[in-house]
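S.K.: could you look at this predicted model? Sequence included:
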Amino acid sequence: MTVHLNPSGLGQAKWHEYAVRFLFGGLITAAAGIIAKKFGPGIGGLFLAFPAIFPASATLIEKHVKQKKERAGFDGTKRARAAASLDAAGAARGSIGLMAFALLVWRFIPDHTAYAVLAGSAVVWLAVSVGVWQLRKHRYIRR
């Protein structure tokens, strides 16, 4: 399965599906805040780093792919699961970039300007995430 950008997919989702994503993301963020208040920001930050909308997105991807195949007269279960798993793999690779971002912010924010640290860390996050994807694309990382 090849990864590609399909902006027309934005029009395929219904408003209530976006509402579910928003609500789920808000609940994850609120839970992280409650955990941080009870156990401290170090522990709360671990939960805040959870990709809040990933579970909702994965289920919606599976649902849309399955419906598309069923409209064509096929059972889309396998294809839908493959599409959701591809999204999960991308999220996991992006999380490696997020770890690089978090480490740089943690290390340099006490001694440097917050804007400079955040901007530099964001560039590193992007570079690491794209680099990990390129390694996978060239089969240096197993699927």
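M.R.: That came in fine, so what should we check first? Residues are numbered from 1 along each chain as shown.

S.K.: scan the chain for its longest helix.
M.R.: helix 77-108 (DSSP state H).

S.K.: check which element follows that helix along the chain.
M.R.: helix 114-137 (DSSP states H and E).

S.K.: for that following helix, which outside residues touch it?
M.R.: 89-90, 93-94, 96-98, 100-101, 104-105, 108-109, 141, 143 (C-beta atoms under 8 Å, 6 or more residues apart in numbering). All C-beta spots, glycine's among them, are computed from the backbone N, C-alpha and C.

S.K.: quick check: the two most widely separated of these?
M.R.: Ile109 and Arg143 (35.5 Å; C-beta to C-beta).

S.K.: out of these two, which sits in the more crowded spot?
M.R.: Between Ile109 and Arg143, Ile109 has the larger neighbour count (other C-beta atoms under 10 Å), namely 14 against 7.

S.K.: which parts of the longest helix of the chain are buried?
M.R.: 79-80, 83-84, 86-88, 90-91, 93-95, 97-98, 100-102, 104-105, 108 (16 or more other C-beta atoms under 10 Å).

S.K.: and the angle for it with helix 114-137?
M.R.: 140 degrees (axes from the mean of the first three to the mean of the last three C-alpha atoms, to 10 degrees).

S.K.: how far does helix 77-108 sit from the chain's center?
M.R.: 5 Å (C-alpha atoms, centre = their mean, to the nearest Å).
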